[in-house]
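>>> sequence below, structure please.
(4 chains)
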4 protein chains.
Amino acid sequence: MDAMMMKDMMSRTSMPGMDTMDMSLMQACLDACSACEQACTVCATQMMDCSPACMTCADMCNTMMRTMLRMQGTTPAAMMAMLDACIAMCQVCMDECMEHADMSEVCKMCAQSCQACVDACMAMRNSMMAA
Amino acid sequence: MDAMMMKDMMSRTSMPGMDTMDMSLMQACLDACSACEQACTVCATQMMDCSPACMTCADMCNTMMRTMLRMQGTTPAAMMAMLDACIAMCQVCMDECMEHADMSEVCKMCAQSCQACVDACMAMRNSMMAA
Amino acid sequence: MDAMMMKDMMSRTSMPGMDTMDMSLMQACLDACSACEQACTVCATQMMDCSPACMTCADMCNTMMRTMLRMQGTTPAAMMAMLDACIAMCQVCMDECMEHADMSEVCKMCAQSCQACVDACMAMRNSMMAA
Amino acid sequence: MDAMMMKDMMSRTSMPGMDTMDMSLMQACLDACSACEQACTVCATQMMDCSPACMTCADMCNTMMRTMLRMQGTTPAAMMAMLDACIAMCQVCMDECMEHADMSEVCKMCAQSCQACVDACMAMRNSMMAA
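Below is the predicted model:
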């Protein structure tokens, strides 16, 4: 997302802790959710055991991304709860995909996207907790 | 959802607690999420203060519904976390909409849909905790 | 959706043809899209050949439903184009699911939901064309 | 999306014309849809006249992106119909946002994202027609 658009979005929220949040953490989290949604959507089409987890992970990542993009419409508690759900689901999906990582390059990359999404959501969560 | 389809779906999950879950609790929760997504989607178009909350609530309700419909792809922990996020967001949306409930019948009905969704998600959550 | 909410939604659109549209056609189409999204979401988890079609059909049905719920934000041309896309995708999904209809009750029901969605979207389309 | 993942995805589809499609056209279209979904989601929170169009445009862009990511689950006709719907909706949203482009930098950027998405979808469409 463009830096100007991000700045405008942040200026319109009154969520506690957002005024001191590092913009780059939020940007990294948006990008990680978007990349994970795409990787999971492709991985789900392989019809392996991980597919249902990948479908749900894609939906949660999209909802996480949209929740962040509309910060003025949420509260820190609801945002945190969605971060927790997204982190939990990415871990489920990553575990499933890692079981086939040696058989499928797509699963391996999907697991990496999930790990990156967990890390980015954790960083957002820690920053909000510290605020 | 058709009872046969629900039964098939439940038979394919090995999630702990699901074998003893009351089908009607799950059905009620699916219906409440679906109704809440629809009410929030309409309410968001009114361009009142509640709109951003309504948009996010619609997305979370849809993701909650889809997560339940794909139980074999998740874990009790991830399902619980999504239930918590959905409950938290429905409460935010309900609080926002209640502030205009006397000015807008749509806001009043949206708030009622959110309350019904909170209740149905709580019932699912309690049933899973008891299992 | 509640009749009051539907009426309010219709009163806020200025889309040509909507003032003369039969409310029950729109309501039937919303219900058919919602039911088809749910059936396809369950069917996709079976890991049969139809799964990728079911996933895409679920997404198109949800977007079709939301587009109808926000009529004041679209035009007849964009609405028609989305109806065409949804009809085309439901037919693809139905054809795929019918190939396993004797092996899977879920595929059979998913195909029936797709057919019902095609019929309801066609009825909306015809009503808009006549206006 | 990673080039390896894109290549794997393309190798699993038998959709006519896909074997000769320029990978970079598809990649550009995925990126344009994703960027447009994000811009529209932010723009919708401004509570201006364009908001309902932005919400619907965000949903169509997401569904367009996911449809492309699951090419083995669709047909050229359904893909084309979704491209047409996405193009029509991006044009509606762009027109609405351009009316406030001098009052809101966010609307201006949203309109630019919509234009870029129209262009990328048109390029995909033309490539499929030529095949």
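>>> CA only for contacts and neighbour counts going forward, please
Will do.
>>> test my guess that A:Cys50 contacts A:Met98.
No - if you go by C-alpha atoms under 8 Å, A:Cys50 and A:Met98 don't touch, sitting 9.2 Å apart.
>>> between the two, which one's more packed in?
Neighbours were tallied for A:Cys50 and for A:Met98 using other C-alpha atoms under 10 Å in any protein chain shown; the higher tally belongs to A:Cys50 (26 against 18).
>>> flag every buried residue along the helix of greatest length in chain A.
As assigned by DSSP state H, the longest helix anywhere in chain A is helix A:105-130. Applying a neighbour-count criterion of 16 or more other C-alpha atoms under 10 Å in any protein chain shown, one finds A:105-125, A:127-128 buried in helix A:105-130.
>>> list the contacts of the most centrally placed residue in chain A.
The centroid of chain A falls nearest to A:Cys33 when counting by C-alpha atoms, centre = their mean (3.4 Å). The neighbours of A:Cys33, taking C-alpha atoms under 8 Å, 6 or more residues apart in numbering or on different chains as the test, are A:61-62, A:64-65, A:117.
>>> go again with 10 Å.
With C-alpha atoms under 10 Å, 6 or more residues apart in numbering or on different chains as the criterion, the residues that contact A:Cys33 are A:39, A:57-58, A:60-66, A:86, A:90, A:113-114, A:116-118, A:120-121.
>>> can you pull the pLDDT of it?
Among the per-residue scores, A:Cys33 shows a pLDDT of 98.
>>> so how far is C:Gln27 from it?
From A:Cys33 over to C:Gln27 the distance is 34 Å, taken as C-alpha to C-alpha, to the nearest Å.
>>> quick one: mean pLDDT over the helix or strand containing A:Met64.
Assigned by DSSP states H and E, A:Met64 falls within helix A:51-69. Mean per-residue pLDDT for helix A:51-69: 98.
>>> send the alpha carbons of that helix over as PDB?
Once non-C-alpha atoms are left out, helix A:51-69 reads as follows in PDB (Å, rounded to 0.1, in the frame of the first residue of the first chain):
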ATOM      1  CA  SER A  51      -6.400 -28.200   1.500                       C
ATOM      2  CA  PRO A  52      -9.200 -27.500   4.100                       C
ATOM      3  CA  ALA A  53      -6.700 -25.800   6.400                       C
ATOM      4  CA  CYS A  54      -5.400 -23.700   3.500                       C
ATOM      5  CA  MET A  55      -8.900 -22.600   2.500                       C
ATOM      6  CA  THR A  56      -9.600 -21.400   6.100                       C
ATOM      7  CA  CYS A  57      -6.200 -19.800   6.400                       C
ATOM      8  CA  ALA A  58      -6.800 -17.800   3.200                       C
ATOM      9  CA  ASP A  59     -10.100 -16.500   4.600                       C
ATOM     10  CA  MET A  60      -8.600 -15.600   8.000                       C
ATOM     11  CA  CYS A  61      -5.700 -13.800   6.400                       C
ATOM     12  CA  ASN A  62      -8.000 -11.800   4.100                       C
ATOM     13  CA  THR A  63     -10.200 -10.800   7.100                       C
ATOM     14  CA  MET A  64      -7.100  -9.900   9.100                       C
ATOM     15  CA  MET A  65      -5.900  -7.700   6.300                       C
ATOM     16  CA  ARG A  66      -9.200  -5.900   5.900                       C
ATOM     17  CA  THR A  67      -9.600  -5.500   9.700                       C
ATOM     18  CA  MET A  68      -6.300  -3.700   9.800                       C
ATOM     19  CA  LEU A  69      -7.200  -1.500   6.800                       C
END
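>>> roughly how far is that helix from the heart of the chain?
In terms of C-alpha atoms, centre = their mean, to the nearest Å, the centre of helix A:51-69 is set 7 Å apart from its chain centre.
>>> do stretch A:20-33 as well
For stretch A:20-33, the separation from the chain centroid amounts to 10 Å (computed by C-alpha atoms, centre = their mean).
>>> now do the buried residues in that stretch.
Under the neighbour-count criterion of 16+ other C-alpha under 10 Å, stretch A:20-33 has A:21, A:25-33 buried.
>>> same question, stretch A:84-101
By 16+ other C-alpha under 10 Å, the buried positions in stretch A:84-101 come out as A:84-98, A:100-101.
>>> out of everything not next to it in sequence, what's closest to A:Ala81?
Distances taken as C-alpha to C-alpha, 6 or more residues apart in numbering or on different chains place B:Ala85 nearest to A:Ala81, at 4.6 Å, with adjacent residues excluded.
>>> I meant A:Cys114, not that one.
For A:Cys114, ignoring the flanking residues on the chain, the nearest one in space by C-alpha to C-alpha, 6+ apart is A:Cys90 at 5.0 Å.
>>> what secondary structure does the one you found sit in?
Following DSSP: H, G, I helix; E, B strand; the rest coil, the label given to A:Cys90 is helix.
>>> okay, and A:Met103 sits in which element?
Short version, using DSSP H and E: A:Met103 is in no helix or strand.
>>> common neighbours of A:Cys50 and A:Met98, please.
A:Cys107.
>>> from memory the residue nearest to A:Cys114 sits against A:Met98, does it?
No - applying C-alpha atoms under 10 Å as the test, A:Cys90 and A:Met98 come out as separate, 11.9 Å apart.
>>> check the most far-flung residue of chain A relative to its centre and give its pLDDT.
Relative to the centre of chain A, and counting by C-alpha atoms, centre = their mean, the farthest-placed residue is A:Met103 at 25.5 Å. According to the predicted model, the pLDDT of A:Met103 comes to 92.
>>> against chain B, how distant is it?
For A:Met103, the distance to chain B under the criterion C-alpha to the nearest C-alpha, to the nearest Å works out to 20 Å.
>>> touching, the residue nearest to A:Ala81 and A:Pro76? I think so.
No - between B:Ala85 and A:Pro76 there is no contact, the gap being 11.3 Å when judged by C-alpha under 10 Å.
>>> find residues that contact each of these two.
A:Met82.
>>> that older thread, tell me the contacts of the residue nearest to A:Ala81?
Listed by C-alpha under 10 Å, 6+ apart, the contact set of B:Ala85 reads A:77-86, B:57, B:60-61, B:64, B:79, B:91.
>>> list the buried residues for the helix or strand of chain A with the lowest mean pLDDT?
Comparing helices and strands within chain A by mean pLDDT, DSSP states H and E singles out helix A:3-11 as the least confident, with a mean of 79. Judged by neighbour count (16+ other C-alpha under 10 Å), helix A:3-11 contains these buried residues: A:5-6, A:9-10.
>>> tell me the residues of chain A that contact chain D?
Along chain A, the residues adjacent to chain D under the rule C-alpha under 10 Å from any C-alpha of the partner chain are A:1-2, A:4-6, A:8-9, A:12, A:30, A:34-46, A:58, A:62, A:65-73, A:104-107, A:109-110.
>>> list buried residues within the residues you listed.
In the residues of chain A next to chain D, the ones that pass as buried (16+ other C-alpha under 10 Å) are A:5-6, A:9, A:30, A:34-46, A:58, A:62, A:65-73, A:104-107, A:109-110.
>>> restrict these to those near chain C?
Among these, the residues within reach of chain C (C-alpha under 10 Å from any C-alpha) are A:41-42, A:44-46.
>>> looking at the residues you listed, which is nearest B:Pro16?
For those, the closest approach to B:Pro16 (C-alpha to C-alpha) belongs to A:Ala44, at 23.6 Å.
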